[in-house]
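Colleague: Just the structure for this:
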Amino acid sequence: QVQLVESGGGLVQAGGSLRLSCAASGRPLMYYPMGWFRQAPGKEREFVAAISQNGGITYYANSVKGRFTISRDNAKNTVYLQMNSLKPDDTADYYCAADASERNVRSAPAYWGRGTQVTVSS
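Modeller: This is a model prediction of the structure:
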């Protein structure tokens, strides 16, 4: 199993940037495709981005494509989400996720962090 802890959330003005980190413990991160999801107040949790085990393949929701970048450092057991050109609509709790399947990590991952809050002011 793997345990995930997110950090890096906060309050930022529209147009600004934040970088979220997800630190893993337990089983090494290198065994897992990884993903980021978010849940805005009153809305369902939605997929944001995912990355393959070696980082060679990435996936993005259309709403963040071109603004967000997912990356990973397996030596540090950490996954990142660089968020640029932030909009008020990006306000949400952001969750890191892991799964043994590259397909499942984008839809129904087995492992979740507890989330970090991102607030974008207009």
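Colleague: The chain: strands as residue ranges?
Modeller: Assigned by DSSP state E, the strands in the chain fall at 2-7, 10-13, 18-26, 34-39, 46-51, 58-60, 68-73, 78-83, 92-98, 111-112, 116-121.
Colleague: Identify whichever of those lies nearest to Val105.
Modeller: Across the strands of the chain, Val105 has its closest neighbour in strand 34-39 (4.4 Å, C-beta to C-beta). (C-beta placed from N, C-alpha, C; glycine too.)
Colleague: For the closest one, name the packing helices and strands.
Modeller: Helices and strands touching strand 34-39, by 3 or more C-beta pairs under 8 Å, 6 or more residues apart in numbering; DSSP states H and E, are strand 18-26, strand 46-51, strand 68-73, strand 78-83, strand 92-98.
Colleague: how about the residue nearest the centre of the chain, what does it touch?
Modeller: The centre of the chain sits closest to Trp36, judged by C-alpha atoms, centre = their mean, with a distance of 2.5 Å. Each residue near Trp36 by C-beta atoms under 8 Å, 6 or more residues apart in numbering is listed here: 20, 22, 48-50, 70, 79, 81, 94-97.
Colleague: Check Gly35 too.
Modeller: So Gly35 contacts 47-51, 96-99, 105-106, 109 (C-beta under 8 Å, 6+ apart).
Colleague: For beta bridges, what are the partners of it?
Modeller: Ala50, Ala97 (DSSP bridges).
Colleague: swap in Val118?
Modeller: With DSSP bridges as the rule, Val118 is bridged to Gly10, Ala92.
Colleague: Measure how buried it is and give me the count.
Modeller: 22 (other C-beta atoms under 10 Å).
Colleague: Distance of it relative to Glu46?
Modeller: 14 Å (C-beta to C-beta, to the nearest Å).
Colleague: isn't Ala98 right next to Arg106, touching?
Modeller: No. Under the criterion of C-beta atoms under 8 Å, Ala98 is not in contact with Arg106, lying 11.8 Å apart.
Colleague: ok, the two, which is more surrounded?
Modeller: Legend: neighbour count by other C-beta under 10 Å for Ala98 and Arg106, higher for Ala98 (26 against 19).
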